[in-house]
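predicted model, plus sequence, below.
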Amino acid sequence: MIDWRLNLRAVIGRAYPRVIGSFREPSWLFFDIFLPLLGIAAFAFYYQALGAPSVFIGFVILGGAMTAYWLNVLWSMAAQFYWEKEVGNLQLYLMAPMSRMSVLAGMALGGIFFTSVRALSTLALGLLIFGIEIEITSPISLLVVFFLTLFALYGMGMMFSSLYLLYGRGVWHLSSVFQEPIYFVSGFYFPVKALGFWVSLLASIVPITLGLDAMRQLIFAGQETMGFLPVSVEIVVLILLAVVFIYGARVALNFMENLGKREGRLTLRWQ
Amino acid sequence: MAVNEHLRTIRWAAWLGWQMESNWTSPFLFIIYSIIKPIMATLIVVFMYLIILKSVNADPVLFSYMFIGNAFYMYVAQVLFGISWVVHEDREHYQTLKQIYIAPINFPVYLVGRGISKIIITTASVIVTLAFGILVLGLPVNIWKIDWPLLIVAMVLGLFCICTIGIALAGISLLTARHGTGINEGVAGVFYLFCGVIFPITFLPSWGQSIAFFIPITYWLELLRRSMMPETISISGLANYSAQEMMVLLLVSILLFLFFSLIILKYADFLARKKGKLDMTTAY
Amino acid sequence: MNNAVECRSLTRSFKGNAKQQAIIALDNIDLDVREGELFGLLGPNGAGKTTLIKILATLLLPSSGKVTVLGYDVEREAHKIRPRINMVSGGEFSGYGLLTVRENLWMFSQFYGIPTRIAKQRIDELLHDFELADKADAKVRTISTGQRQRMNVVRGFVTDPDLIFLDEPTLGLDVNSSRTIRDYIRRWVREQNGKTALITTHYMMEAEELCDRVAIIDRGRILACDSPCNLKKQVQRDAVFTLETTQFADLDSIGHISGVKGYTGETNGERQKIRIVAEEESVLAEVIQVIAGKGGKVISLTKVESTLEDVFLQLVGRGLI
C-alpha cells in the first residue's frame, strides 16, 4: 500500500534544496535571467535582418523562455541521479523507505519552481524589450497546455534520470548531444510545421514540441495556420505523453534499481 | 626552462581533456556525436532563414554571412565553454581542482591545455559544417578562391583570443556556483548578439554597435568571412576597415583581453582562496 | 532473543571483465547478529565488510544464500526493512553543500516520513549530543571534515532506526570526534531496548572497546566470531612477543619459521618493531637465529598480553592494514 504521507514529505524534502539552493546563490539571477536574453535577442535581430514579421520575434522569445525548462530537464533532471550517485546521495535515497518516484517528483517540483522564475522573467522582459504584442485567445487552454507540457517534459526527465545512470560517465555528453538537436527539431525558434509533417510528428515525442506549438497558437492570435496540429489534438497528445513518460519513469527506475542491486553499480563512483 | 614546463603542462592537460571528451564511448559514436551537434545547431538558423526567404538564392550574401559566422562561432561556444567549464568539472565532479591548484604548474596554461582537445574537436565540426553548407545547402563559397594566408592568420589570432577570454571566465567560475551551464551559455550569448555572428552589426542599435567594436570576436569573424566570401563586406558594417587595419585591431584587443583576463583570474584566485571556494560543491 | 541479522551461505560475486576474473567478495558466509547487540565486523580493506553492509542495507542483492534483516528477506521484503534501518559510511559526502546542517538533516528525515516537529526536536538533541549545536545553521560546505562526518552520523540516528549500519564511522577522524561517536553508539545500544548496531572497522581498539561480539572477516570469509574476550582467549594459549631489532634483509623469512602463526613488522628509522604470535615460546630461539642470520640484531624482547590484533594475526597470518 502506498504511504501518501511519507511520500509527500519526501517530495517536499527533495524539492526544498532546489528552491532554497537557487535563492542562496544569487549569481543565478544574472546567469539565468539576464544572459539567456542575449541569445534570444540575437535571434530576434536575425529575424529583423531577414525582414520577418514581428510575430516571429514573439515566437523566438517564447521558445527562448521555454529553453529554460528543456535545459533544466536535461541537466538537472536527466543527469541528476548520476550526480547524486557521485556524491553518495543515491544510495541513501535507495535505502530510504519512500518511493523513489517521490525523490524524482521532488526534484522536478523544485526544478519547475526555480526554472519558472527564469522562464517567466525571460518571457516578460523579452516581450517588453522588443515591444511584441500578445493576444491570448484562451487563457484557460494556455494554462492547461503549459502545465501539461511541464508534466510530460519532467516525466521524460524523470525517465531519463534512471536511464542515464546506465551510461555512467557518458551522461554529460548525452545531455549535450540532445541539446541542440531538440532546439532544432522541436522548433524552439520557428514554427515546427516548417520541418514538414513527418519530422514534426517524430519531434512530437519531445513534449515541448507540441507544447510550444500550442502555446504559440494560443498566445499569438491569428497564427493558427502556422500551427502543426489543432490545439485540442495537441492537448490530448500531451496528456498521453505525460502518462507514458511518468509510467516509463517508474518502470525505468525499477529496472535501474534492480540492475544496480544485481550488479552493484549504483553505489560506485566514477562508473 | 619555464617554456618547457609550460609545454609539458599543455601536453598532459590536452591529453587529460581528450580522455574526458572521448573515452566515454566508441570512436564511431564519438564522431557521430561531434557531427550531429554542430549540424543541428546550424540547421536552426538555416531554417529560420528559409522560413522567411524561402531559398538560399534569395539573398546569397546574407546567407553566406550568417552561415560562415555561425560555423566559426562554434569555436567561441565550445572552446570558451571548454576552458571555463574545467573549473566546475574539476572542482565539483572530479574534485581534483585543489590538487591541480597546488601542483607546481601554471594554472592558465593548464586551462588552455584542457581547451586544446575542444579546439581539435571543434575544428572537425567546423569543417564538417562548412562542407555540409557548400555541398548540401549551396553555400556560395569557392574553396579555390579562399584567401588562405588571411584565413590562417585570423584563425590563429582568433583562437588565442578565445582562450584568453576563456581564462577570464574560468576565473569567474572559481567564485560562482554551478547553475547548469549558465555562465557559458550566457557569455557565449553576449558574443552571439554583439559580434555580428548571424546578422550584420548594423541591425543593432547604436549602443550595441559600439559594444561590437570593442569585442575582438567581431573583427575575427569579419576577417574569416573576407577570406572566404569577400562579398559579405557590403553588408557587414565594417567596410571602412581594411583587413590589415582589422588585424591590428584584433591584435591590440587580444593583448588588452589577455591583460584583463589574467587580472580577473588573479583576483578571482585571491578571492576564491580568501573565501575558501576552491573545493566548494554547489550542486542542489 | 531474536536475530536482527541472519546470513546463511551468503555469497556475493562481481562480474569480471576480459582481463579480470569474477571477484568473490563474500564467500559462503553464515552470520547471526542478535537484537540489542553491538556487533563488530573486523577486517582489512577489501575483506568484504562494505559489501556485506550493502546487502544488509538492501542496496545490493546476494548472488546466492539467504539473508534476513529484522526478520525480513532482503530480496523480497526490502520495503519492510527500510523504514527500520539506516546506514552511515565513513568519509561520505552526502547532502547538499548549499543547505545548512539542520536543513540537510531535516531533508533526510523527510525521506522516512518523520513529522517536521519531531524531526526538528531530534535534530536539536542529536546535534547537542554530537557537539554540533553551534554549527546547526552553518552551510554544510563550510564545516570541517570531522564535523561533516559527525553530521552524517546524526543523519543515521535521526530516523531512530531499530538497526543501524555504521561502516567505518570514525574513519580519518581525530581522537575527540571518534570518542564522541563511539560514546554515543554505546549509549544508544545500551540505554534503549532492542536497538542493534552493526559496525565495521579496521581499528582493533574500536572493536575491542565497543563491541559485544566481533566477527573477523578476510577475503570474503568469516574466520571467527565471538566476544572480544573469548577471541583473545584463543590466542592466550599462544605466545605473543614484540621484538625490537636493527634493520635486516628479509622480514618475510620470519613467516616461514615453523611454529610462527603470524607476524607484523613496522620500521621506525634504523629500528624494526616486530610482533609475533607463535605456538610456543621455544620458537623464539629460531626467530632470533634467523634475524641474526639476515644481519639483524635483537635490541629488546617483550612478552605481551594478547589483543584482537593478535587474534587477527593468528587467524590470517598477517597484520590488519
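Happy to help now that I have it.

dump the residue contacts of the residue in the stretch 1-150 of chain A that chain C sits nearest to.
Closest residue of the stretch 1-150 of chain A to chain C, Cβ to the nearest Cβ: residue A:13 (2.8 Å). (Glycine included, C-beta is placed from N, CA and C.) By Cβ atoms under 8 Å, 6 or more residues apart in numbering or on different chains, the contact set of residue A:13 is A:106, C:106-111.

try 6 Å
Residues near residue A:13 by Cβ atoms under 6 Å, 6 or more residues apart in numbering or on different chains: C:107, C:110-111.

could I get the full set of helices for the chain?
If you meant another chain, say so; for now it's chain A. A:4-24, A:27-28, A:35-50, A:54-71, A:80-87, A:89-95, A:100-129, A:139-165, A:171-185, A:197-203, A:207-219, A:231-263 (DSSP state H).

meant chain C actually
Counting by DSSP H, the helices of chain C are C:49-56, C:78-81, C:101-110, C:116-129, C:145-158, C:175-191, C:204-210, C:228-236, C:283-293, C:308-316.

could you do chain B as well?
B:2-22, B:27-53, B:60-75, B:81-88, B:97-102, B:107-132, B:148-175, B:182-194, B:206-214, B:216-228, B:233-236, B:243-275.

gap between the shortest one and the chain center?
Computed by Cα atoms, centre = their mean, to the nearest Å, the separation of helix B:233-236 from the middle of its chain amounts to 23 Å.

show residues contacting it.
For helix B:233-236, contacts defined as Cβ under 6 Å, 6+ apart pick out B:61, B:200, B:222, B:239.

dump those residues into JSON lines; add distance to residue B:77 and pLDDT as well.
Converted to JSON lines, the contacts of helix B:233-236 look like this (distance: Cβ to Cβ, whole Å; pLDDT from 0 to 100):
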{"residue": "B:61", "distance to residue B:77": "24", "pLDDT": "94"}
{"residue": "B:200", "distance to residue B:77": "20", "pLDDT": "95"}
{"residue": "B:222", "distance to residue B:77": "18", "pLDDT": "94"}
{"residue": "B:239", "distance to residue B:77": "27", "pLDDT": "87"}
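
report the buried members of these.
Taking 16 or more other Cβ atoms under 10 Å in any protein chain shown as the criterion, what is buried in the contacts of helix B:233-236 is B:61, B:200, B:222.

contact partners for the second one?
Spelled out, it's residue B:200. Residues counted as contacts of residue B:200 (Cβ under 6 Å, 6+ apart) are B:235-237.

which one of these is nearest to residue B:38?
Comparing the contacts of residue B:200 against residue B:38 with Cβ to Cβ places residue B:236 closest, at 23.0 Å.

against residue B:198, how distant is the closest one?
Separation of residue B:236 from residue B:198 (Cβ to Cβ, to the nearest Å): 12 Å.

list the beta-bridge partners for the residue nearest the centre of chain C.
Centroid-nearest residue in chain C: residue C:201, 1.8 Å away (criterion: Cα atoms, centre = their mean). Counting by DSSP bridges, residue C:201 forms beta bridges with residue C:42.

that one against residue C:209, yeah?
No: applying Cβ atoms under 6 Å as the test, residue C:201 and residue C:209 come out as separate, 10.3 Å apart.

what's the local residue count around the residue nearest to residue C:100 when sequence neighbours are not counted?
For residue C:100, ignoring the flanking residues on the chain, the nearest one in space by Cβ to Cβ, 6 or more residues apart in numbering or on different chains is residue C:137 at 5.0 Å. Residue C:137 sits with 10 neighbouring residues when counted by other Cβ atoms under 10 Å in any protein chain shown.

swap in residue A:108?
Counted with other Cβ under 10 Å, residue A:108 comes out at 30.

residues in contact with it?
residue A:154 are the contacts of residue A:108 under Cβ under 6 Å, 6+ apart.

the one 4 residues further on too?
The contact partners of residue A:112, by Cβ under 6 Å, 6+ apart, come to residue A:150.

right, I'll leave it there.
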